[in-house]
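Student: Here is my input; please provide its structure:
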Amino acid sequence: MKFDAPHFRSETEARRWIEALRWPSGRACGKCGSLDSYETKKPGRYRCAQKECRKDFTVMTGTVMEASHIKLTVWLMAYYLMASSKKGVSAHQLHRSLDVTYKTAWFLAHRIRLAMSTSGLTGPLGGEGQIVEADETYFGKVENPRFETTRGKAYLKRGSGVANKRAILALVERGGSVRTFHVAEANRETVEKILRDNVHPLSRLHTDESRLYPRVGAEFATHESVKHSGGEYARGDVHVNSAEGYFGVFKKGMRGVYQHCSEKHLHRYLSEFDFRHNTRTKLGFTDAMRAKLAVQGAEGKRLTYRRTDGTAVA
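Tutor: Here you go, the predicted model:
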């Protein structure tokens, strides 16, 4: 892959490209939001002119890139690689492709996943006459297995294939967006709440024959299902193939590219796959457009971890 655009090759051009993207209506202070600021002697560093603020800031302030010492050209190449790889790109691959340490690649990848997340979801999926598919899957073992007690002894909870596995619920708007949720347990109460909060009541709800959906299905315009256990996977336009297709891409990426994901980070990987699905080529997006949206999504988000002594690490 050739990164021959100016903002991939020059730090100055990279900074100017991000500034134009982030501040189309004028430079804004990353601390207080004031539009009144001036340049300092250091290129790319500005100082707020508001008497109550007077803080220095850069285009990275107030984004997932804040406090990072990584070159902006490296950031932009990482954004592009993660936005353009259908099944993801591992930290080891970023480490090799960008000539950075594995630790730096891991740092980049998790912050870009946060930038890709749609934390401020607006509006429900579907609408009058529109189809929303709901389906659940199980991927990977939970890190804190549940136990059940029998005759005073604790046994690892067992079940038909899904016991002690990580549960994921997907809501897919037919031909449109997806929203996924990693839940502690895919029980009726949890699934019903997610459906009520995220799907328009005038939508047509399509599911499989799972017992999680019939009760809440009555709250939507229609609830139609297919019976997989009977070999039925589609009946007219009734199916959950979109949701299963999404899960197929997700599992291929997790098994073939990432190979391992701790449970506490699973929601970030889901955000990454959601982002690429919602900006896929069929909806008119190019790799460059997808990367640009990811950079725009970096604003207003920070990701820090804590050392064992309790101090924060950017």
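
Student: Which residue ranges of the stretch 151-300 of the chain form helices?
Tutor: Assigned helices in the stretch 151-300 of the chain, in chain order: 188-198, 214-217, 241-253, 266-278, 287-296 (criterion: DSSP state H, counting those that start in this stretch).

Student: of all those helices, which gets the most neighbours per residue?
Tutor: Among the helices of the stretch 151-300 of the chain, helix 266-278 has the highest mean neighbour count (mean count of other Cβ atoms under 10 Å), at a mean of 21. C-beta here means a position set from N, CA and C on the backbone, and glycine is covered the same way.

Student: now for that one, which elements pack on it?
Tutor: Applying 3 or more Cβ pairs under 8 Å, 6 or more residues apart in numbering; DSSP states H and E, one finds that helix 266-278 contacts helix 72-84, helix 102-116, strand 165-173, strand 178-183, helix 241-253, helix 287-296.

Student: what packs against the first one?
Tutor: Here helix 72-84 is seen to pack against helix 6-9, helix 11-22, helix 91-97, helix 102-116, helix 266-278, helix 287-296 when contacts are counted using 3+ Cβ pairs under 8 Å, 6+ apart.

Student: how about it as PDB, C-alpha atoms only?
Tutor: Output of helix 72-84 as PDB, limited to C-alpha atoms (Å, rounded to 0.1, in the frame of the first residue of the first chain):
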ATOM      1  CA  LEU A  72       0.700  12.500  13.400                       C
ATOM      2  CA  THR A  73       1.700  10.800  10.100                       C
ATOM      3  CA  VAL A  74       1.800   7.500  12.000                       C
ATOM      4  CA  TRP A  75      -1.600   8.200  13.600                       C
ATOM      5  CA  LEU A  76      -3.200   8.900  10.200                       C
ATOM      6  CA  MET A  77      -1.700   5.800   8.600                       C
ATOM      7  CA  ALA A  78      -3.000   3.700  11.500                       C
ATOM      8  CA  TYR A  79      -6.500   5.200  11.100                       C
ATOM      9  CA  TYR A  80      -6.400   4.400   7.400                       C
ATOM     10  CA  LEU A  81      -5.300   0.800   7.900                       C
ATOM     11  CA  MET A  82      -7.900   0.100  10.600                       C
ATOM     12  CA  ALA A  83     -10.700   1.700   8.600                       C
ATOM     13  CA  SER A  84      -9.900   0.000   5.300                       C
END
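
Student: Give me the distance from that helix to the chain's centre.
Tutor: Relative to its chain's centre, helix 72-84 lies at 16 Å (Cα atoms, centre = their mean, to the nearest Å).

Student: Any regions of the stretch 1-150 of the chain where pLDDT drops low?
Tutor: Scanning the stretch 1-150 of the chain for pLDDT under 70 picks out 1, 119-121, 145-150.

Student: Over to the stretch 151-300 of the chain?
Tutor: Low-confidence segments of the stretch 151-300 of the chain, defined by pLDDT under 70: 151-161.

Student: can you tell which of the helices and strands packed on helix 266-278 is closest to Arg204?
Tutor: Using Cβ to Cβ as the measure, strand 165-173 is the one of the helices and strands packed on helix 266-278 that comes nearest Arg204, at 10.9 Å.

Student: which residues are contacting the closest one?
Tutor: Residues from elsewhere that reach strand 165-173 (Cβ atoms under 8 Å, 6 or more residues apart in numbering): 125-126, 130-142, 178-186, 190-191, 194-195, 198-199, 240, 242-243, 246-247, 263, 266, 270.

Student: Report the buried members of the residues you listed.
Tutor: 125-126, 130-137, 139-140, 142, 178-183, 186, 190-191, 194-195, 198-199, 240, 242-243, 246-247, 266, 270 (16 or more other Cβ atoms under 10 Å).

Student: Who does the nearest residue to His206 once chain neighbours are set aside form a beta bridge with?
Tutor: Leaving aside its chain neighbours, His206 sits nearest to Glu133 (4.8 Å; criterion: Cβ to Cβ, 6 or more residues apart in numbering). Glu133 has these beta-bridge partners by DSSP bridges: Val172, His206.
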